[in-house]
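In: When you get a sec, could you give me coordinates for this:
(2 chains)
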Amino acid sequence: MSAGTTKLNVTVTDVVAVNELVKRFHFERTDGESLPTFSGGAHVVVEMRDGDRTRLNPYSLMSSPLNTRDYTISVRRDDSGRGGSLFMHNRVKRGMEMVISYPVNLFSLDLRARKHLMIAGGIGITPFLAQTAQLAASGSNFELHYTCRSEALGSYTDMLRDRYGNRVNLYYDDRNERIPLDRLLATQPLGTHLYVCGPAGMIKWVRDTAAQHGWPDETVHYEHFAAPQPGKPFDVTLAVSKKDIHVGEQQSLLEAMEAAGIDPPYLCRGGVCGQCETNVVSYDGTFKHNDHWLSAEEHCSGKKIMPCVSRFEGRSLVLER
Amino acid sequence: MGINFRKETFRDDFSFKNSPEQVRRFPFPFNEDAYMYAVNIEPHVPGPRNSVFEHLIDVDEHYISEMEDRALVLAEDPLRCQSLPHMTLAGWDLLELLMVEKAKSYPEHFSLTRDGDRWRWINRPLGIDDTFTFGDVSTLPYGPMEYITRQSQGDFAILDQRDGNLWMDAGMVTTQADWSLDFDIGMNFFEWHAPVPLAHEKGIFTRALKFLTNIQQGQPARRLNWTMTINPRLDTSPENFHKWGTDRLTVTPENVGNKVHLRVELQSFWRLPRSNALVFPIRCYLIKMDELVAQPKWARRFHRVLRDLPVELADYKGLTRYRPTVVEWLSKYDDGAPTSPGFGPD
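Out: Next up, the predicted model:
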């Protein structure tokens, strides 16, 4: 089974500290060839070899899609996460060779839009850096509203202001500035599409407010990769491959399957793309669903699980893998 | 060694035929003695030498004549080529894909030189040498999709991906098996497949859509489809049904060998990088019954497939009127011997 996408061998050509929490990484192809062109909103999955453990984390490409010399990503350090961002911050140095996936876009621009209204929170700015570059190059109409904790922690605010002037609106939490969402959503021209990327609470706020204002679902686009959350360890029986596996506290179910030599397909590893959807054969316990793929009914049905982000607590779980 | 391009017609006097080498590379679509729908999709990777899969974009001996036929169709009916306003970027993606693949696979016939956005494209078989600015529509004589598909065999459907569906929002369609871009433009995947019998009930389109929307850059896929055509006519469109529909009444036991053709479509599916759209090149290959039966295995197998085809499929493919005559003709080439597995001739 093909897991994910074609791979690219790359070399880290630069690591730049953007601020106290965010580092930027530059990749070029190790063989010196051009990287594939991509579309704004695309991500790559970065493979991190950490001893005998391999972490696979998705990061949005923030460089211009027209730049095929190097790809850049920005990683926010998460001291309480499972260690992927810490690996990137502490272990990845200039000159290191790494493996990344081909770009995959699960947060694509709707090119029919007459105007693109973008709302970003924190590190959620990264896909918009690529999208605004693409839209500016084609002379398209966009407007960005970007909220950060403070001026010191605002990544790329100066760069965005320099490039796009008053098309960029900045809001700082420590100054109690807030995006005037109701006013924005009530005053857009016909044909506007709305895009949001940021913390889960912000995405929910924007989607709910848009729905209240009567925005059709097809015009509201959001990207939320749920990073796998740590949790209590649990045991799983894989019925097809006839294996019993143990999922550790800091491990996802998908990672535990991969460590056991099972290779379910994936694209996002964040509960969005649906590739790793797995049928449940039987269970005795409680599912901890964390994905955005399955419907609420499916979450209640006990018949499916997304092993990239979801967990289980209980006596037994048998999966069709 | 270059391709020996044939001078021939797909209308009026129908001088089309295949050279013996072209017959051997024909993409015979049946790997067993019966046919039913399946999601028969496989990775589109380079295949054996001297097969239509050798290069990802195949150019063959019919190239120049097929491009002349396309120009005739477009002169009569410009709506065979349409691109909704948001699809121009996908057109540039397609132009890049076709130029890069052709120049790589057939350097004796095609060259592409890129200096930033300044591109020079040489197409020797068609006598074209153009320099243009990539991304600037005003530097080409047509829009990017029309420009490159006037120089590329097969039809092209470009699909926008949004809302978990695919939308037929651009295309160049002049060699089609009885479907109309002008009718389907703007439709989604389920809408434009609505006329296909049996497959909806089997859930085939739901599974196919899930597969297609997950096609990734650098990992194209392909499948074969087939029908039959009376006379080697590329343009069997609904728009021109009045010109070719009655051909179906002209099949007699005496003219089956030269008049009846198996028509195979090599459909491939590609993710386009800048637009995140998909393109489906739909390449049509024709083979006369006389040419087909030169391969005894193909003769036996096609006889059995056509004889046992479910009525609904025969009706949908438009074979009903002449099927008995062709089955009877093919039966002379079927001694009942078993056929070997796989597509290729013995």
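In: Which neighbouring elements make contact with the worst-scoring helix or strand of chain B on mean pLDDT?
Out: Sorting the helices and strands of chain B by mean pLDDT, DSSP states H and E puts helix B:204-213 at the bottom, at a mean of 84. Applying 3 or more C-beta pairs under 8 Å, 6 or more residues apart in numbering or on different chains; DSSP states H and E, one finds that helix B:204-213 makes contact with strand B:165-172, helix B:189-192. To be clear about C-beta, it is placed using only N, CA and C from the backbone, and glycine gets the same treatment.
In: and with 6 Å instead?
Out: Using 3 or more C-beta pairs under 6 Å, 6 or more residues apart in numbering or on different chains; DSSP states H and E as the contact test, no helix or strand touches helix B:204-213.
In: Quick check: what element follows it along the chain?
Out: Taking DSSP states H and E as the definition, the helix or strand that follows helix B:204-213 towards the C-terminus is strand B:221-230.
In: Now do that next one against helix B:204-213, angle only.
Out: For strand B:221-230 against helix B:204-213, the angle by axes from the mean of the first three to the mean of the last three C-alpha atoms, to 10 degrees is 130 degrees.
In: Pull the distance from strand B:221-230 to the chain's centre.
Out: Distance of strand B:221-230 from the chain centroid (C-alpha atoms, centre = their mean, to the nearest Å) equals 7 Å.
In: got it, and stretch B:241-251?
Out: 21 Å.
In: Buried by neighbour count: which residues of it qualify?
Out: For stretch B:241-251, a neighbour-count test (16 or more other C-beta atoms under 10 Å in any protein chain shown) marks B:244, B:248, B:251 as buried.
In: now the closest residue to B:Val311 other than its chain neighbours: how far from B:Ala199?
Out: Computed as C-beta to C-beta, 6 or more residues apart in numbering or on different chains, the closest residue to B:Val311 that is not its neighbour in sequence is B:Thr320, at 7.8 Å. Going from B:Thr320 to B:Ala199 by C-beta to C-beta, to the nearest Å gives 19 Å.
In: which of those two has more neighbours?
Out: Each of B:Thr320 and B:Ala199 has its neighbours counted (other C-beta atoms under 10 Å in any protein chain shown); B:Ala199 has more, 17 against 12.
In: Enumerate the residues of the stretch 101-250 of chain A near chain B.
Out: Taking C-beta under 6 Å from any C-beta of the partner chain, the part of the stretch 101-250 of chain A that reaches chain B is made up of A:102, A:104-105, A:108, A:110-112, A:218.
In: Now pLDDT too, for those residues, in a markdown table please.
Out: Conversion of these to a markdown table gives the following (pLDDT from 0 to 100):
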| residue | pLDDT |
| --- | --- |
| A:Tyr102 | 93 |
| A:Val104 | 92 |
| A:Asn105 | 93 |
| A:Ser108 | 94 |
| A:Asp110 | 96 |
| A:Leu111 | 95 |
| A:Arg112 | 96 |
| A:Glu218 | 94 |
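In: got the phi/psi numbers for the closest residue to chain A within the stretch 1-150 of chain B?
Out: Closest to chain A within the stretch 1-150 of chain B is B:His86: 4.0 Å, counting by C-beta to the nearest C-beta. B:His86 adopts backbone torsions of phi -80, psi 0, taken as degrees, to the nearest 10.
In: Which residue, neighbours along the chain excluded, lies closest to it?
Out: Per C-beta to C-beta, 6+ apart, closest to B:His86 is A:Leu111, 4.0 Å.
In: Next one: A:Leu253 from A:Ala239, what distance?
Out: According to C-beta to C-beta, A:Leu253 stands 15 Å off from A:Ala239.
In: For those two, indicate the residue with more neighbours.
Out: Applying other C-beta under 10 Å to A:Leu253 and A:Ala239 shows that A:Leu253 carries more neighbours, namely 27 against 15.
In: Could you pull up the residues touching the more buried one?
Out: Applying C-beta atoms under 6 Å, 6 or more residues apart in numbering or on different chains, we find A:Leu253 in contact with A:247, A:307.
In: so how far is B:Ala71 from A:Cys276?
Out: Separation of A:Cys276 from B:Ala71 (C-beta to C-beta): 48 Å.
In: ok, those two, which is more surrounded?
Out: Remark: of A:Cys276 and B:Ala71, A:Cys276 carries more neighbours, 27 against 11, as counted by other C-beta under 10 Å.
In: ok now do residue 147, which residues does it touch?
Out: This is for chain A. Going by C-beta under 6 Å, 6+ apart, A:Thr147 touches A:121, A:171, A:179.
In: I was thinking of chain B, sorry if that wasn't clear
Out: Shown here is B:Tyr147, whose contacts under the criterion C-beta under 6 Å, 6+ apart are B:Leu140.
In: Kindly state the beta-bridge partners for A:Gly25.
Out: Check again: residue A:25 is Phe, not Gly. Here A:Phe25 sits in beta bridges with A:Val15, A:Ile73, going by DSSP bridges.
In: Pop out the phi and psi values for the residue lying closest to A:Lys288 once chain neighbours are set aside.
Out: Nearest non-adjacent residue to A:Lys288, counting by C-beta to C-beta, 6+ apart: A:Arg311, 4.1 Å away. Here the main-chain torsion angles of A:Arg311 (degrees, to the nearest 10) amount to phi -130, psi -170.
In: A:Arg311 against A:His289, yeah?
Out: No - contact criterion C-beta atoms under 6 Å: A:Arg311 and A:His289 do not qualify, at 8.6 Å.
In: Who has more neighbours out of the two?
Out: Just comparing A:Arg311 and A:His289: by other C-beta under 10 Å the higher neighbour count belongs to A:Arg311, 23 against 20.
In: how much space between the more buried one and A:Lys243?
Out: 18 Å.
In: mind listing the helices in chain B by residue range?
Out: For chain B, applying DSSP state H gives helices covering B:20-24, B:63-76, B:88-105, B:144-149, B:181-184, B:189-192, B:204-213, B:241-244, B:256-259, B:289-292, B:296-308, B:311-317, B:323-331.
In: now the angle from the third one to strand B:165-172?
Out: Between the axes of helix B:88-105 and strand B:165-172, defined by the same axes, to 10 degrees, the angle is 70 degrees.
In: Quick check: the gap between the residue nearest to B:Val311 and B:Phe241.
Out: For B:Thr320, the distance to B:Phe241 equals 15 Å [C-beta to C-beta].
In: sorry, back to before: burial of the residue nearest to B:His86, as a residue count?
Out: A:Leu111 sits with 26 neighbouring residues when counted by other C-beta under 10 Å.
In: Next: B:Arg150.
Out: 18.
In: Equivalent analysis for A:Val16, please.
Out: 12.
In: That one is in contact with A:Arg24, isn't it?
Out: Yes - assessed by C-beta under 6 Å, A:Val16 is found in contact with A:Arg24 at 4.4 Å.
In: and the least confident helix or strand of chain B, C-alpha only, in PDB?
Out: C-alpha atoms of helix B:204-213 as PDB (Å, rounded to 0.1, in the frame of the first residue of the first chain):
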ATOM      1  CA  ILE B 204     -18.400   2.800  -8.600                       C
ATOM      2  CA  PHE B 205     -18.600   6.500  -9.000                       C
ATOM      3  CA  THR B 206     -18.400   7.200  -5.300                       C
ATOM      4  CA  ARG B 207     -15.300   5.100  -5.000                       C
ATOM      5  CA  ALA B 208     -13.800   6.500  -8.200                       C
ATOM      6  CA  LEU B 209     -14.400  10.100  -7.000                       C
ATOM      7  CA  LYS B 210     -12.700   9.300  -3.700                       C
ATOM      8  CA  PHE B 211      -9.700   8.000  -5.500                       C
ATOM      9  CA  LEU B 212      -9.500  10.800  -8.000                       C
ATOM     10  CA  THR B 213      -9.800  13.600  -5.500                       C
END
